[in-house]
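> Mind folding the following:
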Amino acid sequence: MSPKTMPAIVNYGIDPLSVEQREVPVPGIGAEDVLLQTQAVSVCGSDLHQWRGGISWTVNYPCILGHEFAGVIVEKGSKVKGYDEGDRVISETAAVIDTASPYTRRGLYNLDPNRLGFGYGVNGAMTRYVCVPERCLHSVPEGLDFITASLTEPCCVAYNAVCNYANIKPGDHVLVLGPGPIGLLCTIMAKLCGAGHLVVAGLPADTARLDLARRIGADAALDGGVEEHVRELGDGRGVDVVIDAAGVSATLELALKVVRAAGRISKVGWGPQPLNISLDPLVQKAVTLQGSFSHNWPIWEKVISMLGSGQLDVKPLISRVAALDEWQDCFEKQYAGEYTKVVFQPNG
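Model (predicted):
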């Protein structure tokens with residue numbers, strides 16, 4: 001039997017640092033929901049942005065953080081048919097969608113403007129129990145541990161940006177801008193796609209993450225001199241593909257400079273500030289600039305299969321596994337770049 005209350009990491013307001021651990025009620029479930037006991041929940045950059053303030057999306061305060069999670073079903077609603085209590089599962093992030101939306105009917109519910117996600121629209125999983133609609137669930141393959149499984153969601157973000165939208169061909173020269181968790185996962189995906197010369201670029205403060213980029217497959221990891229490096233590649237006319245996982249104006253400007261004519265830029269990094277740059281190079285070079293947001297069911301199935309088989313190895317990115325009450329130290333160190341990914345185990 002579940003307890004009546006539980007500890008949770010709650011974002012309670014829009015002001016910076018408006019996050020604290022609170023005791024909250026264990027959620028009830030509807031007929032088409034399950035109650036999931038959270039076994040692992042990883043920290044996303046969006047969790048940190050909500051903690052630090054200055055976000056560009058709407059949050060339904062107060063809201064429990066956490067949308068990258070896996071666990072065990074401990075209770076199921078009367079209309080749940082595909083899963084049973086005791087099943088090991090991972091949850092997608094689209095907690096609320098409009099089933100009548102033309103986007104949803106096309107399988108693009110991730111683009112439904114009425115979509116609400118865990119951790120900002122509805123309560124997330126940085127707690128012991130979370131209510132999850134059955135349609136969000138995927139089974140965890142035998143042999144795949146919960147800690148690794150909790151990184152499925154950011155892997156899906158990277159898969160969509162790299163494998164679907166960037167359309168990398170074997171031998172393509174690829175530049176990844178931003179060595180944060182998503183940028184590093186994009187690096188892994190680009191390598192799996194057959195990237196030729198694979199470059200990851202960041203800032204001087206990104207030394208540890210750039211070192212990690214080299215270990216997971218980057219041929220070069222730079223904290224400057226990107227344009228000069230690209231001029232030495234192949235015919236010197238630029239990289240075939242840029243993955244912008246940083247999101248700031250300066251990285252898109254750099255992407256437009258170093259991508260070759262008829263090349264591709266896949267932008268997955270968020271950045272609410274104005275561009276303040278000319279887009280004329282986009283026109284002059286006939287470059288494809290593609291946004292990438294979230295993911296859908298087929299992507300989840302592919303990524304889970306890749307994690308289960310070992311084809312996709314995310315363990316090098318996991319810096320710390322911690323108890324929920326260590327959240328503040330973990331948030332601070334991941335925000336500072338000391339950690340790449342932190343995973344909490346709310347139930348021990």
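> pLDDT value on the residue lying farthest from the centre of the chain, please?
Here the chain reaches farthest from its C-alpha mean at D235, the gap being 34.0 Å by CA atoms, centre = their mean. Note for D235: predicted pLDDT of 95.
> Where does it sit: helix, strand or coil?
Following DSSP: H, G, I helix; E, B strand; the rest coil, D235 is assigned to coil.
> Would you point out which residue is most central in the chain?
The centre of the chain sits closest to P154, judged by CA atoms, centre = their mean, with a distance of 2.7 Å.
> mind listing the helices in the stretch 51-200 of the chain by residue range?
Per DSSP state H, counting those that start in this stretch, the stretch 51-200 of the chain carries helices over the ranges 102-105, 146-149, 152-159, 181-192.
> Go through the second one and flag the buried ones.
Taking 16 or more other CB atoms under 10 Å as the basis for neighbour counts, the residues of helix 146-149 that come out buried are 146-149. Where C-beta positions appear, they are placed from N, C-alpha and C, glycine not excepted.
> repeat for the first one
Of the residues in helix 102-105, 103-104 count as buried by neighbour count, 16+ other CB under 10 Å.
> what comes into contact with it?
Contact with helix 102-105 is made by 97-98, 109, 111-112, as judged by CB atoms under 8 Å, 6 or more residues apart in numbering.
> again, only this time at 6 Å
Residues outside helix 102-105 that contact it (CB atoms under 6 Å, 6 or more residues apart in numbering) are 97, 111-112.
> Can you verify my assumption that G171 contacts G196?
Yes: in terms of CB atoms under 6 Å, G171 counts as a neighbour of G196; the distance is 4.3 Å.
> pLDDT of the helix or strand where L282 lies, averaged?
Element membership for L282 (DSSP states H and E) is helix 280-284. Helix 280-284 comes out with an average pLDDT of 97.
> give me the element G271 is part of.
For G271, there is no helix or strand it lies in under DSSP H and E.
> residues near it, how many?
Other residues lying near G271 total 16 when counted by other CB atoms under 10 Å.
> Below-threshold pLDDT in the stretch 201-348 of the chain: ranges please.
Residues of the stretch 201-348 of the chain meeting the criterion pLDDT under 70: none.
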